[in-house]
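Undergrad: When you get a sec, could you give me coordinates for this:
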Amino acid sequence: MRANRIVILDWDTMAYNKDEVSAKRFAQLAANVDIYPATKPEETVSHIGDADVVICNKVLITREVMEACPNIRYIGILATGFNNVDLEAAAERGIPVCNAGSYSTDAVTQLVFAYIFDYFQRVALYSMDVRLGLWEKAPTFSYFPYPTGELRGKTLGIIGYGHIGKNVAKIADAFGMRVMIATRTEPENCPYTVTTAEEVFRSADVLTLHCPLTEQTKGLICKQSLALMKETAILINTSRGGTVVEQDLADALNNDMLAGAYLDVLEKEPMSPDTPLKNAKNCVITPHIGWTPLDTRRRLLDITEDNLRGWLGGNPQHVVNPQYAVHNETEKRPNE
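TA: All right, here's what the predicted structure looks like:
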């Protein structure tokens, strides 16, 4: 079974260097495949046109877009997050929206611990001082003006307990950290302390966010929640930028209410030059790189292709709007 036309709306999000990964694999799944490096909001409808399959990473697929492009039958997301698609509108039209699930679990977990090690070991800071010749001038064999710390015994607070949250918890446990979880759904057989978000805020030496962006999590990190945290704690966000009120976090950092923040996501991406976090004290920002290892992106494409093959065969996978089936009892796959 093949689609009539596949459109990929923002391929440049997948391949910063053009030869790293290829979209050629999709050619065998459709009569026509159109690939756009990027799509501006005003271009979305024209780029989709009569396509029955839409694949994108961050392009907004709104109700209005679906109304203007009535041939859409399938939406594939080149990501775990799916807040760029109006799921209700898709369900009403019998359109499954399929994401890539846990493709980036290991990569994002690595980044979380890169941040943790950076804070507790100060490797980059000490390396810079060595390059500046400061160790050469030290009065003793060991130069250690910047405090470091052990992970054992520290409390790691995790908001969200999906694939990444579970993986982070497992590794933190191996380092002897005390793990506390706050999650929307009570997990079964969880070996860690499960409690309220408020208690996690109060207890965490390291607070890391692994929750989707929803109405409930938007602005989760704000003046009120930051006031609950220890002044010695650090915040890590590799989930979605909208979970943080950026001005409130900047104020907390600049007023020494928090020891540091490590952020791989911001509310506006690419970063706005006037974000209050750009020059905030003890704030490390990376440009949304948690998901970008080449191995990870290859896995992402494998999952995206498998999802599409599943739908073409009448068995969609990783559907994030399962209610679409209620509206889809008589829906036929392409060419059926």
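Undergrad: Can you tell me the closest non-neighbouring residue to the residue nearest to the spatial centre of the chain?
TA: Nearest to the geometric centre of the chain sits Ser239, at 4.1 Å (Cα atoms, centre = their mean). Distances taken as Cβ to Cβ, 6 or more residues apart in numbering put Leu209 closest to Ser239, at 4.4 Å, once the chain neighbours are dropped. (Each C-beta comes from the backbone N, C-alpha and C, glycine too.)
Undergrad: Now do the SS call for Val179.
TA: With DSSP: H, G, I helix; E, B strand; the rest coil as the basis, Val179 sits in strand.
Undergrad: in the helix ranked longest in the chain, what counts as buried?
TA: The longest helix of the chain (DSSP state H) is helix 294-312. Of the residues in helix 294-312, 296-297, 299-301, 303-305, 307-308, 310-312 count as buried by neighbour count, 16 or more other Cβ atoms under 10 Å.
Undergrad: how about the closest residue to Val123 other than its chain neighbours, phi and psi?
TA: Nearest residue to Val123, sequence neighbours excluded (Cβ to Cβ, 6+ apart): Phe117, at 7.1 Å. Dihedral pair for Phe117: phi -70, psi -40, per degrees, to the nearest 10.
Undergrad: My guess is Phe117 contacts Leu111. True?
TA: No: judged on Cβ atoms under 8 Å, Phe117 makes no contact with Leu111 at a distance of 10.7 Å.
Undergrad: who's more crowded, these two?
TA: In this view Phe117 and Leu111 are compared by other Cβ atoms under 10 Å, and Leu111 has more residues nearby, 20 against 12.
Undergrad: count of residues packed around the nearest residue to that one once chain neighbours are set aside?
TA: Spatially, and ignoring its direct neighbours in sequence, Leu111 is nearest to Gly290 (4.3 Å; Cβ to Cβ, 6+ apart). Residues contacting Gly290 under the criterion other Cβ under 10 Å number 21.
Undergrad: Can you pull out the low-pLDDT segments for the stretch 1-150 of the chain?
TA: In the prediction, the stretch 1-150 of the chain carries no residues with pLDDT under 70.
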